[in-house]
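[1] can you look at this prediction? I've put the sequence above it.
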Amino acid sequence: MDAELFWKKVKLLLSEQDKNQEWLCEQTGLVLGSLRNKISLGRLPGFDEGLKIVESLGLTMEQFKLYPDVPSKDIINIPVYEQAFSAGKGQELPDTAEIMDYVALPANLKKYRNNIRASYVRGDSMEPTLFDNDIILYDTFGYDGADGIYAINYKGAAFVKRLQRDKDFVRIISDNKMYAPMTESGESDDFRIVGKVRYVVHKLQG
């Protein structure tokens, strides 16, 4: 996101909430003169400063990215659970999982709002499509009739993999070519498709 767009969103949110730059500085600990210089010169704040600004306005960074295309009152938060889906050697499936974060549900996925889940990705076997610590939003409808990237339960562990259906079996494919594909009978008790990945929130770089 460039500086012009960042500050435009901040100004719109301040106006929407009937707040001003002085209030923003009080909430974030920023110096008013420094804030105004960044705005007038078109400079982005540092990462920590930007996060403080966004959170003081009552949004997560993902919600901020969607605003103002989606009015803040219409943003749907999806909890991100501690449970992770492995792009590697598999994650154990605990009976319970703690909520670690929230992400904003994209507008085009609102039809899944009651059947969408969010979890972390662990490992590198799906690179360059998915990276370690990315967040996937996946439905809970199982196989939707088309090949694609799915959250699966395989031999008691959680994976996120690309699936290709054949007549009598399923290919379980890693996008990272260093990992060999696997095959499993579609009727196997060791294999269950949780749902299709519908959206990916990539981790922040740097």
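    Done, it's in.

[2] alpha carbons only for contacts and neighbour counts from here, please
    Will do.

[3] separation between the nearest residue to Arg192 once chain neighbours are set aside and Ala146?
    Nearest residue to Arg192, sequence neighbours excluded (C-alpha to C-alpha, 6 or more residues apart in numbering): Asn153, at 5.1 Å. Taking C-alpha to C-alpha, to the nearest Å as the measure, Asn153 falls 18 Å from Ala146.

[4] tell me which of these two has more neighbours.
    Higher neighbour count among Asn153 and Ala146: Asn153, with 21 against 10, using other C-alpha atoms under 10 Å.

[5] does that one touch Phe191 like I think?
    Yes. With contact defined as C-alpha atoms under 8 Å, Asn153 and Phe191 form a contacting pair (5.9 Å).

[6] thinking again about what came up before, now the host helix or strand of the residue nearest to Arg192, how far from the chain's geometric center?
    Assigned by DSSP states H and E, Asn153 belongs to strand 148-154. Put simply, strand 148-154 sits 17 Å off its chain's centre (C-alpha atoms, centre = their mean, to the nearest Å).

[7] now stretch 119-129
    The answer for stretch 119-129 is 12 Å, by C-alpha atoms, centre = their mean.

[8] would you mark the buried spots in it?
    119-126 (16 or more other C-alpha atoms under 10 Å).

[9] over to stretch 143-158?
    143, 148-154, 156-158.

[10] tell me which two of those residues sit farthest apart.
    Gly148 and Gly156 (21.2 Å; C-alpha to C-alpha).

[11] count of residues packed around Ile76?
    17.

[12] contact partners for it?
    By C-alpha atoms under 8 Å, 6 or more residues apart in numbering, the residues touching Ile76 are 104-105.
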